[in-house]
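>>> Based on what follows, work out the 3D shape:
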Amino acid sequence: MAQHPVITPLPGTFYRKATPDSPNYVEAGAEVSADTVIGLIEVMKQFSELTAGVAGRLDAFLVEDGDPVEPGQVIATLEDA
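Residues are numbered from 1 along each chain as shown. Purely as a prediction, here's the structure:
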């Protein structure tokens, strides 16, 4: 199976859920479509959705909720469905 990286185009803070009390958008092992939101990138109180980009199974997150991220950083990996 091929692996696909999910890369952030923005610098900021990565969040796996919409609010502190919300459940995570997705968990490792979940089947996702290309437009499935896997997290948010927050830059100066503006939030941008980060989508899977390809259909498959979410293999792993490589950053933790609340971690700072840089453009081009791999956030998660996906395996072909």
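>>> can you pull the pLDDT of residue 50?
Turning to residue 50, the model gives it a pLDDT of 97.
>>> so it makes contact with residue 36?
No: Residue 50 is not in contact with residue 36 according to Cβ atoms under 8 Å; the separation is 10.0 Å. Backbone N, C-alpha and C define where each C-beta goes, glycine included.
>>> neighbour-wise, which of the two wins?
residue 50 (23 against 19; other Cβ atoms under 10 Å).
>>> can you give me the strands for the chain?
In the chain, strands defined by DSSP state E lie at 3-7, 12-15, 31-32, 37-43, 46-51, 56-61, 68-69, 74-79, listed in chain order.
>>> out of the ones you listed, nearest to residue 24?
With Cβ to Cβ, the closest approach to residue 24 among the strands of the chain belongs to strand 37-43: 8.3 Å.
>>> May I have the strands that pair with that closest one, each with its orientation?
Strand 37-43 pairs in its sheet with strand 12-15 (antiparallel), strand 46-51 (antiparallel), by DSSP bridges.
>>> Out of the ones you listed, which is closest to residue 3?
Smallest distance to residue 3 across the strands paired with strand 37-43 (Cβ to Cβ): 17.1 Å, for strand 46-51.
>>> Okay, now the unreliable bits of this structure?
Along the chain, segments meeting pLDDT under 70 span 1.
>>> between the strands of the chain, which gets nearest to residue 25?
Taking Cβ to Cβ, strand 37-43 is the member of these nearest to residue 25, at 5.1 Å.
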